[in-house]
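Chemist: Sequence and predicted structure, then a few things I'm wondering about:
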Amino acid sequence: MASPTPQAASRRLPSAPRLGLLILLVVAGLAWAGLAIHHRLTHVSAQDARVMANQVTVSSRLAGWVTDFSITEGDTLARDDRVAQLYSRPDETQLATLQAGVAARQARLDYERSRLSLAQAQFEGGQNLTHQELEASRAAMDAANARLEQARKDYERSNSLLANHSVSQQQRDEDYYTLQSAQAEYRQASREVEVSQAQADNARVGFISGSQMPLPNPDVIRAQLAVANQELAQARSRLAQQQLRLDDLRVPSPIDGVVNKTLVDEGEFIAAGQPILMMHDPDKLWVEANIKETDIGELRVGQPVDITVDAFPDDAFHGHVTVIGRAATSQFALLPDPNPSGNFTKITQRLPVRIALDDGPTELIGPGMMVEVDIDVSDQGQRHS
């Protein structure tokens, strides 16, 4: 029997390099399969994920014509930057009118304060004058009373001495008439005290010697001053309200952010509360991933996440789990499935998971971009309630 040729032997038996390459391929395949199995056991992945942000809708508190609106989508705004300006000329005119009203009421208040100062000085001067006159009248009455007492004693003495013929009838008559004169003087002094007391009382209400003082009683002016104060406060309140309205005709940006969409054009008439634009803060982005309910039990808050953005597949993003949802996304569907036929097909539900962005070129991404997440669940810490 003929022996096989060398060429046939080389085709039947693998050479050493080919055998080594085959072994390497087998080992690499096993290693890849092991890594894939290990990754599947230690990671939860999801393609149903997108970048999210708090969308802020900017509106006007007042209705009006848009006289200035030059913002376009993608513009960056700082907090309090002007978004839009509404027609404000009538309100500016009204503001000037109210400012003049406040100035007029302030002038009246100052005038009343000056009158109060003068009236107080006049009132105190009138009271001092009548008080001095009253004191003088009382002193005169005291003097008249002393003369009356002396005249009464002289008359009583001369009248008793006349019975003993120690004094003459003429002396007794002189003492009698002196007593009568002293009594009249005392009555006159008493009336003058009463008149002075009445004048002092009248001075308290603004009268001196029967004539009214040039300025009313300070208490009256104080009441007028209180009224002027209230009128000034009301005028200032109306002015502040008008200033607030004028400020509201300038619509400011509520946050530092980027404009997503404009909803009006310059020259339009907008209603109160009508949206003008939508914007978001690019520094406050996060990822929302919808995870299968069969995998949700492996998730814990704080687990690291690798994120791949579809628009930038070559850039690496990393984050961590912050919130694990408790309700399936189907619960918020606009058209729920009532299943009236009675046929039931079990479908795996998904729950939203919020992921914070820790690093990566976040300035490149924006709300709505699709991403893929790979959550490392190897750290099975305590489940957060």
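Modeler: Now that the structure is in, tell me what you want to look at.
Chemist: Domain map for this protein?
Modeler: 56-87+248-279, 91-244 (automatic domain parsing).
Chemist: rank those by pLDDT, which is bottom?
Modeler: Looking over those, mean pLDDT reaches its minimum on domain 91-244, with a mean of 83.
Chemist: That one: how far from the chain's middle?
Modeler: 54 Å (Cα atoms, centre = their mean, to the nearest Å).
Chemist: Name the residue closest to the centre of the protein, please.
Modeler: Centroid-nearest residue in the chain: Leu244, 12.8 Å away (criterion: Cα atoms, centre = their mean).
Chemist: does that one sit in a helix or strand, and which one?
Modeler: Using DSSP states H and E, Leu244 sits within helix 218-248.
Chemist: What residues of the following helix or strand past that helix count as buried?
Modeler: On the C-terminal side of helix 218-248, the nearest following helix or strand under DSSP H and E is strand 250-252. The neighbour-count check on strand 250-252 (16 or more other Cβ atoms under 10 Å) flags Val251 as buried. (Each C-beta comes from the backbone N, C-alpha and C, glycine too.)
Chemist: and if you look at stretch 352-364?
Modeler: Pro352, Val353, Arg354, Ile355, Ala356, Leu357, Gly360, Thr362.
Chemist: with the residues you listed in mind, which one is nearest to Asp376?
Modeler: The shortest approach to Asp376 among the buried residues of stretch 352-364 belongs to Ile355, at 11.9 Å (Cβ to Cβ).
Chemist: For the closest one, which non-adjacent residue is spatially closest?
Modeler: Counting by Cβ to Cβ, 6 or more residues apart in numbering, the nearest residue to Ile355 once its immediate chain neighbours are dropped is Val287, at 4.2 Å.
Chemist: for Val167, same thing?
Modeler: Closest residue to Val167 apart from its sequence neighbours, by Cβ to Cβ, 6+ apart: Leu161 at 4.4 Å.
Chemist: That neighbour against Gln169, yeah?
Modeler: No. Judged on Cβ atoms under 8 Å, Leu161 makes no contact with Gln169 at a distance of 11.1 Å.
Chemist: Tell me which of those two has more neighbours.
Modeler: Between Leu161 and Gln169, counted using other Cβ atoms under 10 Å, the more crowded position is Leu161 (15 against 10).
Chemist: Does the more buried one belong to a helix, a strand or coil?
Modeler: Put simply, Leu161 is helix when judged by DSSP: H, G, I helix; E, B strand; the rest coil.
Chemist: on contacts alone, who are the packing partners of the host helix or strand of Tyr155?
Modeler: Under the criterion of DSSP H and E, Tyr155 resides in helix 89-163. Counting contacts by 3 or more Cβ pairs under 8 Å, 6 or more residues apart in numbering; DSSP states H and E, helix 89-163 packs against helix 169-203, strand 207-208, helix 218-248.
Chemist: Looking at those, which is nearest to Trp32?
Modeler: In terms of Cβ to Cβ, the element of those nearest to Trp32 is helix 218-248, at 64.6 Å.
Chemist: for that closest one, which positions count as buried?
Modeler: By neighbour count on 16+ other Cβ under 10 Å, the buried set for helix 218-248 is Pro218, Ile221, Gln224, Leu225, Ala228, Glu231, Leu232, Ala235, Leu239, Gln242, Leu246, Asp248.
Chemist: ok, now stretch 308-321?
Modeler: In stretch 308-321, counting by 16+ other Cβ under 10 Å, buried: Thr308, Val309, Phe317, Gly319, Val321.
Chemist: CA atoms of it as PDB?
Modeler: Written as PDB, here are the backbone C-alpha positions of stretch 308-321 (Å, rounded to 0.1, in the frame of the first residue of the first chain):
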ATOM      1  CA  THR A 308     -23.200  57.200  26.500                       C
ATOM      2  CA  VAL A 309     -24.900  60.100  24.600                       C
ATOM      3  CA  ASP A 310     -26.100  59.100  21.100                       C
ATOM      4  CA  ALA A 311     -25.000  62.400  19.700                       C
ATOM      5  CA  PHE A 312     -21.500  62.200  21.100                       C
ATOM      6  CA  PRO A 313     -20.600  58.500  21.300                       C
ATOM      7  CA  ASP A 314     -16.900  59.100  21.700                       C
ATOM      8  CA  ASP A 315     -17.300  61.300  24.900                       C
ATOM      9  CA  ALA A 316     -17.500  59.700  28.300                       C
ATOM     10  CA  PHE A 317     -20.100  60.700  30.800                       C
ATOM     11  CA  HIS A 318     -20.400  59.400  34.400                       C
ATOM     12  CA  GLY A 319     -23.100  59.800  37.100                       C
ATOM     13  CA  HIS A 320     -24.800  58.100  39.900                       C
ATOM     14  CA  VAL A 321     -28.300  57.000  40.800                       C
END
